[in-house]
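Student: Next comes the sequence, and after it the predicted model I'd like to discuss.
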Amino acid sequence: MRFGPAVDSLVGTFFPKSELERKIYRIKLEKLKNRSETYAAARSNRMTGTWSPGNTDINSIIKASSQSVRGRVRQLVRDFPYFANAVNRLVDYTVGPGIIYQSKIQNADGTLNKKLIQQIEDAFNFWADEADVAKKLHYYEIMQLSKRQDIESGEYIIVKRHRPNENRYLPYVLQVYESDWLTSENDKGLGEAISGIQRGELYNIDQGVEYNRLTGEVKYYHFTDPDGWGKSVKIPAKDVIHGYQALRPGQRRGISPFTPGILLANDFGDYFNATVDVAKMSAKYLAFVKSPNPESRQLDLFTETNADDDTRYIDDMENAIIEYLNPGEEIDIASNPNPGNQVTPFTRLIVTMLSITTGVPYELLSGDYSGMNFSTGRMARSDFKYALKPVSTRHIRNFCNPTFRAFLDSATLYGKLTLPGFFTDPYPYFKCEWQPPGMDSIDPLREAKADIDAVKSNLKSPQEIIRGRGRDPEDILKEIKQWNDWKDDYEIIDLEEISTAMANNPAALDKEPNNGKKTIKK
């Protein structure tokens, strides 16, 4: 049987129909032979019918589908409210105002090197203001845009550029590319690929990605200009950040995570528009006048004015008004079906399915919080936070770390930072944390008490709780210290301390000024 497909292809060269028939019979024969040896899910019966899905490699599927999928997702994000809201919510909760960089460089004894940390963070923040090659976007805005591209197009492309002599803090800048700019004009077809293998060529080009045949490592990316003019250019892979979620081994391009919901969203949009049209028609036609005279009403359609006509027709009806009809006329009140009662449960079902597809909780996606209590709200919030962890982590690994390390190389090379031993062992200077956005508590009193108990029981650290809310623990301590210093500067007395002292000993509150301050006797 191993020569069967080759014979089929040879026959198909001259008789395509015969090739197809041979393949069909071959599939049927294989099913008959293996019927008792297959999983039940793989068998064909009257329920599965002719269900025989394609099972080719992931790159062929993406190559055949990506352009249409990207266009449809973008159109739905523009015009379909639920898709637009899903993209916004995912960007807000994974990146938000930015996944904030925090240096964690240590001294030899393991303590934080605060002086060097401050220098690196200051330099990074300075560069972040002008990180965009077009001088428009902040570094964190580029981060947001890349995440939006990751959702809509299934991938994002950042090119690391070097722009000297532009009066910048550093010549190292970032440029965001559309995934459509990857060109397939240099791709090698099957014949070329086979010839290349025979010649011992190591690299192949597929969907604009030039990669190693043996390892899959990318060597170059082939781009065309946005307008499609001119020749394509290839950029070394070391200068390109290509982020996407890998779904199968050997995958070279990304696909939008919204893909399973595209047809559902489009069909629901058509259904909703048709439902609105029916409701509008139901509201428009109130009643119909029936008359035995076939010309009495029709003649009026061809008359521009009825100023000289004494015949009265019913054009509208109002409350508490009696209309006198012509002899033989009667009125039928229109009873067009109003679909409103069926729309709500059906819409809820569809939005629930879209929620599963997009990964955004139903309440956030729909804006419908009816029927939610503290327990269900906390459960939905907890599941959403858990689901977002790998998403934020992937963005940190694929976008944040590569762009930051390139910044550190450039800042050290151009003398903006003095980092001893950086070029021999840069790893100690790469130590950092990226703080994703947190989520506010839905019941601060209950959750605060639970967090306090967890800290007292050594089940959680204060740092873990603070980071879960999107804050830096060190910033919290600095702000508390600054607040206490402000209270001393402005001679503010702690009200809780006063109330406790007054309850224990009213005379403890010293009413006499002491160097302009009121004090409490301990």
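Tutor: Alright, I've got the coordinates.
Student: can you tell me which residues contact the nearest residue to Y140 once chain neighbours are set aside?
Tutor: Excluding the flanking residues, the one nearest Y140 by C-beta to C-beta, 6 or more residues apart in numbering is G98, at 3.0 Å. Quick note: C-beta positions are derived from backbone N, CA and C, even for glycine. Counting by C-beta atoms under 8 Å, 6 or more residues apart in numbering, G98 makes contact with 139-140, 143-144.
Student: which element is G98 on?
Tutor: Under the criterion DSSP states H and E, no helix or strand holds G98.
Student: Spell out the residue ranges of the strands in the stretch 401-522 of the chain.
Tutor: 432-435 (DSSP state E, counting those that start in this stretch).
Student: again with the stretch 101-250 of the chain
Tutor: 155-162, 172-177, 203-206, 209-212, 218-223, 233-236, 240-244.
Student: Pipe those into a markdown table and attach mean neighbour count and mean pLDDT per row.
Tutor: As requested, these are exported to a markdown table (neighbours: other C-beta atoms under 10 Å; pLDDT from 0 to 100):
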| stretch | mean neighbour count | mean pLDDT |
| --- | --- | --- |
| strand 155-162 | 20 | 96 |
| strand 172-177 | 20 | 96 |
| strand 203-206 | 18 | 89 |
| strand 209-212 | 19 | 93 |
| strand 218-223 | 20 | 94 |
| strand 233-236 | 14 | 93 |
| strand 240-244 | 20 | 97 |
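Student: CSV for those, including distance to S375?
Tutor: Below are the strands of the stretch 101-250 of the chain laid out as CSV (distance: least, C-beta to C-beta, whole Å):
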stretch, distance to S375
strand 155-162, 37
strand 172-177, 42
strand 203-206, 50
strand 209-212, 48
strand 218-223, 48
strand 233-236, 52
strand 240-244, 37
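Student: I'd like to know which of these lies nearest to M379.
Tutor: strand 240-244 (30.7 Å; C-beta to C-beta).
Student: mind listing what's buried in stretch 84-91?
Tutor: 85-87, 89-91 (16 or more other C-beta atoms under 10 Å).
Student: Which of those residues fall within helices?
Tutor: 85-87, 89-91 (DSSP state H).
Student: The residues you listed into JSON lines, with extra columns for distance to S153?
Tutor: Below are those laid out as JSON lines (distance: C-beta to C-beta, whole Å):
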{"residue": "N85", "distance to S153": "18"}
{"residue": "A86", "distance to S153": "15"}
{"residue": "V87", "distance to S153": "11"}
{"residue": "R89", "distance to S153": "18"}
{"residue": "L90", "distance to S153": "14"}
{"residue": "V91", "distance to S153": "14"}
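Student: between the residues you listed, which is closest to T50?
Tutor: A86 (34.0 Å).
Student: distance of that closest one from E363?
Tutor: For A86, the distance to E363 (C-beta to C-beta, to the nearest Å) stands at 13 Å.
Student: doesn't I396 make contact with W434?
Tutor: Yes - between W434 and I396 there is a contact at 4.7 Å, judged by C-beta atoms under 8 Å.
Student: Show me which pair in the ones in helices among the buried residues of stretch 84-91 is furthest apart.
Tutor: N85 and V91 (10.9 Å).
Student: Format the buried residues of stretch 84-91 as JSON lines; extra columns: distance to T344 and pLDDT.
Tutor: Compiled in JSON lines, these are given as follows (distance: C-beta to C-beta, whole Å; pLDDT from 0 to 100):
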{"residue": "N85", "distance to T344": "18", "pLDDT": "96"}
{"residue": "A86", "distance to T344": "20", "pLDDT": "96"}
{"residue": "V87", "distance to T344": "25", "pLDDT": "96"}
{"residue": "R89", "distance to T344": "22", "pLDDT": "95"}
{"residue": "L90", "distance to T344": "26", "pLDDT": "95"}
{"residue": "V91", "distance to T344": "29", "pLDDT": "95"}
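Student: what's the closest of those to E185?
Tutor: V87 (30.4 Å).
Student: one step back: how about the strands of the stretch 101-250 of the chain, which one is nearest F126?
Tutor: Going by C-beta to C-beta, the one of the strands of the stretch 101-250 of the chain nearest F126 is strand 172-177, 12.4 Å.
Student: now the closest one: how far from the chain's centre is it?
Tutor: Computed by C-alpha atoms, centre = their mean, to the nearest Å, the chain-centroid distance of strand 172-177 equals 21 Å.
Student: which residues touch it?
Tutor: Here strand 172-177 makes contact (C-beta under 8 Å, 6+ apart) with 127, 130-134, 137, 139, 142, 145-146, 149, 156-163, 223, 403, 406-407, 409-410.
Student: Between strand 218-223 and it, find me the angle.
Tutor: With axes from the mean of the first three to the mean of the last three C-alpha atoms, to 10 degrees applied, the angle from strand 172-177 to strand 218-223 works out at 60 degrees.
Student: Quick one: work out the angle between strand 172-177 and strand 240-244.
Tutor: Interaxial angle of strand 172-177 relative to strand 240-244 (the same axes, to 10 degrees): 50 degrees.
Student: okay, the angle between strand 172-177 and strand 155-162?
Tutor: Using the same axes, to 10 degrees, strand 172-177 lies at 150 degrees relative to strand 155-162.
Student: Numbering from 649 from now on, please.
Tutor: Renumbered: residue one is now 649, and that last one reads strand 820-825.
Student: what sits against G1086?
Tutor: Applying C-beta under 8 Å, 6+ apart, the residues near G1086 are 1115-1119.
Student: ok, it to P1009 distance?
Tutor: Separation of G1086 from P1009 (C-beta to C-beta) stands at 16 Å.
Student: again, but for G1063
Tutor: On the measure of C-beta to C-beta, G1063 and P1009 end up 49 Å apart.
Student: In terms of neighbours, single out the busier of those two.
Tutor: Relative neighbour count places P1009 above the other of G1063 and P1009, with 17 against 7, counting by other C-beta atoms under 10 Å.
Student: quick check, nearest of the ones in helices among the buried residues of stretch 732-739 to I910?
Tutor: Closest approach to I910 among those (C-beta to C-beta): A734, at 12.4 Å.
Student: my guess is the closest one meets I1004, correct?
Tutor: No - between A734 and I1004 there is no contact under C-beta under 8 Å: 11.3 Å.
Student: Domain parsing of this structure, as residue ranges.
Tutor: 652-690, 934-983 (automatic domain parsing).
Student: can you tell me which of the ones you listed the model trusts least?
Tutor: Mean pLDDT values for the domains of the chain show the minimum at domain 934-983, a mean of 56.
Student: which regions of the stretch 649-798 of the chain sit below the pLDDT cut-off?
Tutor: Scanning the stretch 649-798 of the chain with the threshold set as pLDDT under 70 gives 649-665, 667, 675-686.
Student: The stretch 1049-1170 of the chain too?
Tutor: Using pLDDT under 70, the flagged stretches of the stretch 1049-1170 of the chain are 1142-1170.
Student: so where do the helices sit in it?
Tutor: Counting by DSSP state H, counting those that start in this stretch, the stretch 1049-1170 of the chain has helices at residues 1049-1061, 1075-1078, 1092-1104, 1110-1116, 1121-1137, 1143-1152.
Student: if we can go back for a sec, out of the buried residues of stretch 732-739, which one sits closest to D828?
Tutor: V735 (17.8 Å).
Student: right, and that closest one touches V725 too?
Tutor: Yes - at 5.6 Å, V735 counts as touching V725 under the criterion of C-beta under 8 Å.
Student: which neighbours do these two share?
Tutor: E800.
Student: And the nearest residue to G744 once chain neighbours are set aside, how far from R722?
Tutor: Once flanking residues are discounted, G744 sits nearest to P1085: 3.1 Å by C-beta to C-beta, 6+ apart. Distance, P1085 to R722, using C-beta to C-beta: 25 Å.
Student: ok, these two, which is more surrounded?
Tutor: Legend: neighbour count by other C-beta under 10 Å for P1085 and R722, higher for P1085 (18 against 14).
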